[in-house]
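**Q** Here's my sequence, what's the structure:
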Amino acid sequence: MTTTLSERISQSAFDGSRLRVILLLDLHDGAQNQFLEAYEHMRNQVASIPGHISDQLCQSIENPSQWLITSEWESAPPFLAWVNSEEHVATVQPLHSCVRDTRSLRFSVLRETGVAFEQRTPEPAKGRLQAAPRLGDGVVRHALTFTVKPGTEEMVAKILSDYDSPQARVDENTRLCRTSLFMHGNRVVRAVEVEGDLMAALRHVSRQPEVRAVEEAINPYLEQDRDLSDPDSARMFFTRAALPTVHHVKAGRHAAADVQRHALFYQAKEGCGMALARLLAGQDEEAADDVASPIESSTIFQRDDIVVRLLEVSGPFDAQPTQALGIGGARKAAMLGRLLDGGANGMPTTDQEAARFLAQAEMSLITDRRATES
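**A** Residues are numbered from 1 along each chain as shown. This is a model prediction of the structure:
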């Protein structure tokens with residue numbers, strides 16, 4: 001059976017389909033009124049965000065401390081731009097003192113039944129339905145990024161590479177599969193792959209003694225202060241450090257033993273991060289359909305104007321530098337140049353120019369750990 005391009009894309013924020021966001025909350029006892037006041041403030045703020053369609057607040061009929069907030073968006077990009085912004089961090093801050101536990105889920109809308117959407121709301125439906133179900137491998141991909149004080153990079157790299165791996169098995173349904181850590185200058189990127197519940201895996205890892213020791217050891221070197229013993233400080237740090245996956249495509253042509261992992265760092269012009277990620281995603285979709293491409297898979301992470309492209313490549317990474325960079329000819333190079341910070345002129349179009357640019361963009365691999373049973 002021939003694998004179609006759509007089947008190769010297991011995750012994408014760029015298909016134009018409407019997005020349903022579900023937030024599950026467990027409130028502290030007696031915090032309902034405080035929560036409702038905070039929600040009203042948040043609802044009024046969110047209503048003015050471009051791309052927002054509607055939201056609902058629901059309370060469990062079985063357990064009054066359990067609540068559900070759902071919201072609908074025209075597509076994923078405006079939601080991701082909002083949820084990763086400093087404005088969002090400030091808006092949801094009042095909720096933290098009310099909530100014991102939260103879980104956020106995000107879904108593209110694939111089908112609708114019953115009364116037509118247009119008849120249920122005053123405004124016509126915005127955004128389209130997801131065209132077809134995506135096929136995945138059961139792995140959730142996520143990344144965190146933060147910066148360290150200039151001049152401390154070597155010390156931080158040593159700390160981050162010199163520790164025992166945490167236990168991979170979280171519970172019967174969740175397992176930590178792989179963790180890869182890269183640095184580019186003073187920026188650290190940690191990419192994780194999880195089978196099952198991502199948040200359960202992240203909480204599990206954060207409780208492991210070996211991981212806590214490493215996190216405490218790098219605290220003095222961080223540019224952003226944090227206190228992991230303070231829940232609010234830890235929550236704020238990891239909220240700002242989140243680097244979500246916006247696209248993943250897998251070619252399915254190369255055996256796992258024949259590929260190597262690389263990461264590229266792209267600094268977009270202000271306000272151009274999502275457009276840059278979309279351009280690179282389109283290029284990687286084309287590469288997935290090119291039997292001559294050495295790229296086995298691509299995962300693109302994006303937050304604000306930071307884009308990280310994680311690649312599995314067969315053979316020497318610089319054998320086809322234009323493809324490795326996500327450049328498909330002079331036109332794509334020009335488009336990339338318009339989106340990169342400081343890259344408007346002199347974008348590489350030849351392999352020699354691309355090789356130099358590739359050397360600047362490639363991140364240093366600090367550690368790449370797989371679960372022993374993977």
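
**Q** Mind jotting down where the strands sit in the stretch 201-350 of the chain?
**A** Secondary structure of the stretch 201-350 of the chain (DSSP state E, counting those that start in this stretch): strands at 242-250, 259-267, 295-303, 306-314.

**Q** Let's have those in CSV, adding mean neighbour count and mean pLDDT.
**A** Any C-beta I mention is one placed from the backbone N, CA and C, and that applies to glycine too. Formatted as CSV, the strands of the stretch 201-350 of the chain follow (neighbours: other CB atoms under 10 Å; pLDDT from 0 to 100):
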stretch, mean neighbour count, mean pLDDT
strand 242-250, 21, 95
strand 259-267, 20, 94
strand 295-303, 25, 95
strand 306-314, 23, 95
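
**Q** Pipe the ones you listed into JSON lines and attach distance to residue 371 per row.
**A** As requested, the strands of the stretch 201-350 of the chain are arranged in JSON lines below (distance: least, CB to CB, whole Å):
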{"stretch": "strand 242-250", "distance to residue 371": "19"}
{"stretch": "strand 259-267", "distance to residue 371": "15"}
{"stretch": "strand 295-303", "distance to residue 371": "18"}
{"stretch": "strand 306-314", "distance to residue 371": "17"}
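
**Q** What separation do you get for residue 68 and residue 37?
**A** Distance of residue 68 to residue 37, computed by CB to CB, to the nearest Å: 18 Å.

**Q** before we move on, what about residue 143?
**A** From residue 143 to residue 37 the distance is 34 Å (CB to CB).

**Q** out of these two, which sits in the more crowded spot?
**A** residue 143 (23 against 12; other CB atoms under 10 Å).

**Q** So the more buried one, which state does it fall into?
**A** strand (DSSP: H, G, I helix; E, B strand; the rest coil).

**Q** Now it. Nearest residue, chain neighbours left out?
**A** residue 243 (3.9 Å; CB to CB, 6 or more residues apart in numbering).

**Q** Do I have it right that the one you found meets residue 301?
**A** Yes - between residue 243 and residue 301 there is a contact under CB atoms under 8 Å: 4.4 Å.

**Q** Overlap of the contact sets of those two?
**A** 143, 145, 189, 308 (CB atoms under 8 Å, 6 or more residues apart in numbering).

**Q** that older thread, for residue 157, see how far away the residue nearest to residue 143 is.
**A** Residue 243 is 19 Å from residue 157, by CB to CB.

**Q** that older thread, format the shared contacts of residue 243 and residue 301 as TSV; extra columns: distance to residue 62.
**A** Listed next are the shared contacts of residue 243 and residue 301 as TSV, based on distance: CB to CB, whole Å:
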residue	distance to residue 62
143	36
145	40
189	42
308	42
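
**Q** returning to that earlier point: minimum distance to residue 367: which of the strands of the stretch 201-350 of the chain has it?
**A** Closest approach to residue 367 among those is made by strand 259-267 (11.0 Å; CB to CB).

**Q** Now do the closest one: which elements does it pack against?
**A** Packing partners of strand 259-267 (3 or more CB pairs under 8 Å, 6 or more residues apart in numbering; DSSP states H and E): strand 175-184, strand 187-195, strand 306-314, helix 321-325, helix 351-361, strand 364-370.
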